[in-house]
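Novice: The amino acid sequence is not available; the structure is as follows:
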């Protein structure tokens, strides 16, 4: 969702400035400079994403998207823009402490003025307090746990934190473009009940911040619609490999669908594979964005079919005709099919927003590189960014004011767009 046009340069007005970046042409353009040249210095946009092991099928396409945005907007106000990626996976699975170590490395490098990521909400929970104390701007393409930004009554009890406890300075440095679990779980519940006509479902989670949260929100909405949650289980995924007792219980109670509150890396799709011989293949398998990747399909094996659906917290850029030129350019630069994921272009937007914010902050700082706090302040003022995944503005908590939820179906060998719809938002 980009308008591919000649970069005209950044302006002080956030909305216009953001459109200029999002509509930017190919890499190496001199954005917002006069007389050409990119010799005033350098700043770095970093990323923290899981790009190895089982999580790589989600994290690597997002990293590629962010890297491509930097390549396309490599010179801002006379300063060179570079990209530095970090991997927060340990033994193939996203790891909060590794994420914290990565953020500490970013903080130690004064050239890094912002980061794209993290991918997983549990990692964000650990990283935000560290980045907050250093005023490092974070923009996640994919975090969906509502308690990262929304001070809800149950957050402290359910997740052990609130937005306030994650921000020791009292100021916000964290933003995201994805729809929160307050929408993702209920959105899939509405789809299951209204569209798929499911009335009985079994749910489980990996007992992590993200998985348990989205599972609980799904179950609550499904029951509110009039459906029955016949089995509800939270697993310790480190010690659990056999999901057949859960699946047999679901079968005995008439479950028409399984909802997986988990990610592919936390065994979210193993129950689909193990349901062979227990549940008919026509039983639906539903989940959040954590299972909407190629790793899930690989894990599900021959039980992967068109009765599998996953929600995604960001809009599908291919549904925006203005994004076509940029998408085509990305595909030419990254021709491998694995380089496209649900959050590739959301990550592109995150990087582009950061670059634009730095550009505006440079202008406000009389042409000098801004402080990290000045970058945070500029990101917070982002309004009407014409991005690949839609028009993006942030509210005071760092959430998008107009989030979109997407539903994907596994069909013809891949996750494919099924539908998307706005899910509200706040000003």
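Specialist: Nice, thanks for sending it over. Computed from a predicted structure; not experimentally measured. Numbers count the residues shown, from 1 in each chain.
Novice: Isn't residue 82 up against residue 46?
Specialist: No - counting by Cβ atoms under 8 Å, residue 46 is not a contact partner of residue 82; they are 9.4 Å apart. (Each C-beta comes from the backbone N, C-alpha and C, glycine too.)
Novice: The two: which is more packed in?
Specialist: Just comparing residue 82 and residue 46: by other Cβ atoms under 10 Å the higher neighbour count belongs to residue 46, 26 against 14.
Novice: Assumed the more buried one was part of a strand.
Specialist: Yes - under DSSP: H, G, I helix; E, B strand; the rest coil, residue 46 sits within a strand.
Novice: Let me see the contact set for it.
Specialist: Residue 46 is in contact with 83-86, 106, 112, 114-116, counting by Cβ atoms under 8 Å, 6 or more residues apart in numbering.
Novice: which ones among the residues you listed are found in strands?
Specialist: Residues of these located in strands (DSSP state E): 83-86, 112, 114-116.
Novice: Who wins on neighbours among the residues you listed?
Specialist: residue 116 (33 neighbours).
Novice: tell me the contacts of that residue?
Specialist: With contacts defined as Cβ under 8 Å, 6+ apart, residue 116 is in contact with 45-49, 62, 66, 139-141, 347, 350-351, 354.
Novice: which one is the residue nearest the centre of the chain nearest to, not counting chain neighbours?
Specialist: Centroid-nearest residue in the chain, with Cα atoms, centre = their mean: residue 142, separated by 1.0 Å. Nearest-residue entry for residue 142: residue 343, 4.6 Å, with adjacent residues in sequence omitted and distances by Cβ to Cβ, 6 or more residues apart in numbering.
Novice: Contact partners for that neighbour?
Specialist: When contacts are counted by Cβ under 8 Å, 6+ apart, residue 343 is found next to 58, 61-62, 65, 119, 141-142, 178, 289, 312, 314.
Novice: mind checking how far it is from residue 261?
Specialist: Relative to residue 261, residue 343 is positioned 18 Å away (criterion: Cβ to Cβ, to the nearest Å).
Novice: Could you do residue 84 as well?
Specialist: To residue 261, residue 84 is 33 Å away according to Cβ to Cβ.
Novice: Please look at residue 190 and residue 220 and confirm they touch.
Specialist: No - Residue 190 lies out of contact with residue 220 (Cβ under 8 Å); the separation is 11.9 Å.
Novice: of these two, who's got more company?
Specialist: residue 190 (18 against 14).
Novice: host element of that one?
Specialist: If you go by DSSP states H and E, residue 190 is part of helix 181-190.
Novice: Need the mean per-residue confidence for the next helix or strand after that helix.
Specialist: For helix 181-190, the following helix or strand on the C-terminal side (DSSP H and E) is strand 200-205. The pLDDT scores in strand 200-205 average 98.
Novice: strands paired with strand 200-205, and their directions?
Specialist: Strand 200-205 sits in its sheet next to strand 228-234 (parallel), strand 257-261 (parallel), going by DSSP bridges.
Novice: Name the residues of the longest one that are buried.
Specialist: Neighbour counts over strand 228-234 (16 or more other Cβ atoms under 10 Å) mark 229-231, 233-234 as buried.
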